[in-house]
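[1] 3D, please:
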Amino acid sequence: MSKKDIEKFQKTIWDFYKHNKRNFPWRNTKNPYHILVSEIMLQQTQADRVVVFYQRWIKRFPTIASLAGVKFSEIYPFWQGLGYNRRALALQKTAQKVIKEFKGTLPSDILLLEELPGIGPYTARAVSIFSFNTPVTCIETNIRRVFIHEFFPQKEDVNDKEILILAERALDKKNSKEWHYALMDYGAYLKSQVPNPNRRHKNYTLQSKFEGSLRQIRGTTLRMLSGKSMDIKELSKRLKKATLQTPARIEKVILALEKEGLIKSNKKIYSLN
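    Numbers count the residues shown, from 1 in each chain. Reported below is the predicted structural model:
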């Protein structure tokens, strides 16, 4: 793409953002911890749904220290409904590691962020960009949708390496934070306007159905144990009735949740950790 093509693209994005900027509470802070919370919550979850959860979480756990010192059973009620509950546990483990190794302050260095539990390359870059305006690129679902739509209108099997080349050329290095918000907002808009360009990405996959999945058993187990304990016989019986799953699948999930540290057992009496 020529310099003129890139400049035209930048104008399209900025013009759209000027008149259609979305407002979310995590966009009104530079607190790295608060931004990390929003990014973890936004994984696999639409932004509009996250707002209420984010606000409740920050009110209850306003600092890294306030999160690091509680049990998962105290955290779960503030995460329940978001799904993928391992994210909440990873957040707490990150908080504990930051207290221990970084004196309670999230590092700005992307490589250091990636070493924290539950933080991958995208989340590390996003935290650094939105907290410190770091002049680097990042790619998530909406941003990927924008670049495929604008630069690969007919191409199949587009990969992130191709997208990153263009993203780096288009990056506004002086205003990386707002530039990425602008890309996200334009991508969210495209979702309702055109057939999903992300279907032409090399690694595109449809999310599996929740009903009948192991995720359903996991979520149901945690809800049943929220605020109460239950012996294995009763828990298995209730899970079978609620999910219509086989005893083997139910046992597999219970063992996995215990291994991950989300639940615990004492003489086969189960509760949240």
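
[2] can you count the residues close to Thr220?
    Taking other CB atoms under 10 Å as the criterion, the count of residues near Thr220 is 17. From N, CA and C alone the C-beta is placed, and that goes for glycine too.

[3] got it, and the one 3 residues further on?
    The number of residues packed near Arg223 is 14, by other CB under 10 Å.

[4] same deal with Asp185?
    As a measure of burial, Asp185 has 19 neighbours, counting by other CB under 10 Å.

[5] ok, and the closest non-adjacent residue to it?
    The shortest distance from Asp185 to any non-neighbouring residue, by CB to CB, 6 or more residues apart in numbering, is to Arg22 (5.2 Å).

[6] ok, now which ones touch that neighbour?
    Contact analysis of Arg22 by CB atoms under 8 Å, 6 or more residues apart in numbering lists 47, 181, 185, 188.

[7] and those, which of them are in strands?
    Taking DSSP state E, every one of the contacts of Arg22 sits outside strands.

[8] just curious, which of the residues you listed is nearest to Phe102?
    Nearest to Phe102 among the contacts of Arg22, counting by CB to CB, is Tyr181 at 26.3 Å.

[9] isn't Pro77 right next to Leu222, touching?
    No: under the criterion of CB atoms under 8 Å, Pro77 makes no contact with Leu222, lying 10.3 Å away.

[10] between those two, which is the more surrounded one?
    The neighbour count for Pro77 versus Leu222, taken as other CB under 10 Å, is higher for Leu222 (20 against 13).

[11] looking at this, that one is in a helix?
    Yes: counting by DSSP: H, G, I helix; E, B strand; the rest coil, Leu222 is found in a helix.

[12] which ones are touching the spatially most central residue of the chain?
    Closest residue to the average C-alpha location of the chain: Gln43 at 2.1 Å, with CA atoms, centre = their mean. Applying CB under 8 Å, 6+ apart, we find Gln43 in contact with 84, 87, 123.

[13] ok so, going back, nearest to Leu106 among the contacts of Arg22?
    Closest to Leu106, out of all of the contacts of Arg22 and judged by CB to CB, is Tyr181, at 19.7 Å.
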